[in-house]
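Novice: 3D, please:
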Amino acid sequence: MSDLFDLPPGGPYLLSHSAGLLPVATRGEFEAKFFTPWAAKPGESWPLWLDAIDDFRTALAGLLGGRANDYCPQPNVSAGLFALLSSLTPRDGRDTIVMSSQAFPSLGFVAQQAQRLGFRFRLTDGDPADVATWEAALAPDVAVVVVMHVHSNTSIVSPVAAIAEMARARGIFSIVDVAQSAGLLPIDVSAWRADALVGSCIKWLCGGPGAGFLWCPDDLTPLNVGWFSHEDPFAFDIRDFRYATDARRFWGGTPSVAPYILATGGIKTIAAIGVDTVLVHNRALIARIDAEDRTAKGGTLCHIPTDIEKTMTALTRAGCRFDRRGDTLRLSFHIYNTPEDADIVAKCLA
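Specialist: Residues are numbered from 1 along each chain as shown. A predicted model of the protein is given here:
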């Protein structure tokens, strides 16, 4: 499978939790769908570019489930989360946003600022993989729960379907972040039955930066709108705003196009390989390093070495590309990694 991606020179690339590699097919797709319309018919390129955005939404639906019309491009996960929160109304006695203290900090920053919309914000410190943590956290004052499917610092997986079910039973709006799981773990938004989802294509989907998205089948009305949030963007009547009847109501002003064309190449490449195939390969390579790892994890091996500086030196000398969060080393194995990569890592960690 490595021939489907542009592999950087040197040793093992282990940073797919940060930025997935460029699929070979993406260059041609981008040339045909972005540069060619712009160069050949610059004044008539928008219809073709918008067709490419529809292709992005369709590709997401094919991979993650649900209807294409319920997906909307967003510049990043934070923007998608704020768009969703801005469409919700806190009520007396039910006005709290809750999330795990292990969630990605950007989500917490957004939730903190949502206090200006009348919400309160609370973190829960329990194990996010434990249903009991969420059962205790979903108190009567909670209006919204934000759940990371996979936590970036630990690779812990949250029991999304169970959390969504509890939230639904208690009248709590549930939002799931799939930035660290889309393209690696099987996802079916219809089966989860969460209220909304946010994600990004830069990591396991190998889609590059700037291509975030949200999924929301509910008819919510966000505050941050623009002419592409309009049911008919080209009506050009300043006195007449009507929210789009699908998730495009979250879109806003003049959209970016290039990031989503790039991301579609990644989504289609991963879909063609198969998420199940990616996951089996990932687990097999991790098992070559840590055969005792039996926990429910994402795709990143989060290793806490006895001597972190010595271990980092060994990995660096072997040409490994990895990163560090505190006392933890993060090493991710995608479909383009090989058993030889895993054996190199195993020697370094030993």
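
Novice: Tell me the buried residues in stretch 326-334?
Specialist: 328, 329, 330, 331, 332, 333, 334 (16 or more other CB atoms under 10 Å). Any C-beta I mention is one placed from the backbone N, CA and C, and that applies to glycine too.

Novice: can you redo the residues you listed as TSV with pLDDT?
Specialist: Output for the buried residues of stretch 326-334, formatted as TSV (pLDDT from 0 to 100):
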residue	pLDDT
328	91
329	94
330	94
331	95
332	95
333	96
334	97
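
Novice: quick one, helices of the stretch 251-350 of the chain?
Specialist: Using DSSP state H, counting those that start in this stretch, the helices of the stretch 251-350 of the chain run over 258-273, 275-289, 308-317, 339-349.

Novice: quick one: which of the ones you listed is nearest residue 166?
Specialist: Evaluated with CB to CB, these place helix 275-289 nearest to residue 166, the distance being 26.0 Å.

Novice: contacts for that closest one?
Specialist: By CB atoms under 8 Å, 6 or more residues apart in numbering, the residues outside helix 275-289 that reach it are 1, 63, 183-187, 204, 270, 293, 299, 301, 333-335, 337-339, 341-343, 345-346, 349.

Novice: okay, the angle between that helix and helix 339-349?
Specialist: Here the directions of helix 275-289 and helix 339-349 differ by 40 degrees (axes from the mean of the first three to the mean of the last three CA atoms, to 10 degrees).

Novice: filter the contacts of helix 275-289 to the buried ones?
Specialist: Among these, those buried by neighbour count (16+ other CB under 10 Å) are 63, 183-185, 187, 204, 270, 299, 301, 333-335, 337, 341-342, 345, 349.

Novice: how many neighbours does the residue nearest to residue 171 when sequence neighbours are not counted have?
Specialist: Distance criterion CB to CB, 6 or more residues apart in numbering; nearest residue to residue 171, sequence neighbours excluded, is residue 94 at 7.5 Å. Neighbour count for residue 94, taken as other CB atoms under 10 Å: 15.

Novice: what about the nearest residue to residue 271 once chain neighbours are set aside, distance to residue 11?
Specialist: Once flanking residues are discounted, residue 271 sits nearest to residue 63: 5.1 Å by CB to CB, 6+ apart. Taking CB to CB, to the nearest Å as the measure, residue 63 falls 30 Å from residue 11.

Novice: Residue 313 now?
Specialist: 14 Å.

Novice: Going along the chain, name the strands of the stretch 101-250 of the chain.
Specialist: 120-124, 142-148, 173-177, 196-200, 212-215 (DSSP state E, counting those that start in this stretch).

Novice: Mind checking those for the one nearest to residue 136?
Specialist: Here strand 120-124 is closest among the strands of the stretch 101-250 of the chain (CB to CB), at 7.5 Å.

Novice: Report all helices and strands that that closest one contacts.
Specialist: strand 96-100, helix 105-113, helix 131-137 (3 or more CB pairs under 8 Å, 6 or more residues apart in numbering; DSSP states H and E).

Novice: Just want the angle from the first one to strand 173-177.
Specialist: For strand 96-100 against strand 173-177, the angle by the same axes, to 10 degrees is 30 degrees.

Novice: Sheet partners, orientation included, of strand 96-100?
Specialist: Strand 96-100 pairs in its sheet with strand 120-124 (parallel), strand 142-148 (parallel), by DSSP bridges.

Novice: which outside residues touch that strand?
Specialist: 85, 107-108, 111, 114, 119-126, 128, 133, 137-139, 141-148, 151, 158.

Novice: Which of these are buried, as a ChimeraX select command?
Specialist: Selection of buried members from the contacts of strand 96-100 for ChimeraX, criterion 16+ other CB under 10 Å:
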select :85,107,108,111,114,119,121,124,128,133,137,138,142,143,144,145,146,147,148,151,158
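
Novice: Which helix runs longest in this protein?
Specialist: helix 45-64 (DSSP state H).

Novice: Centre of the chain to the helix or strand just after it, how far?
Specialist: Once helix 45-64 ends, the next helix or strand along the chain (criterion: DSSP states H and E) is strand 71-74. On the basis of CA atoms, centre = their mean, to the nearest Å, strand 71-74 sits 12 Å off its chain's mean C-alpha point.

Novice: If we go by neighbour counts, what in strand 71-74 is buried?
Specialist: 71, 72, 73, 74.

Novice: Looking at those, which is nearest residue 208?
Specialist: Closest approach to residue 208 among those (CB to CB): residue 73, at 13.2 Å.

Novice: I'd like to know how far that closest one sits from residue 223.
Specialist: Taken as CB to CB, the span from residue 73 to residue 223 is 18 Å.
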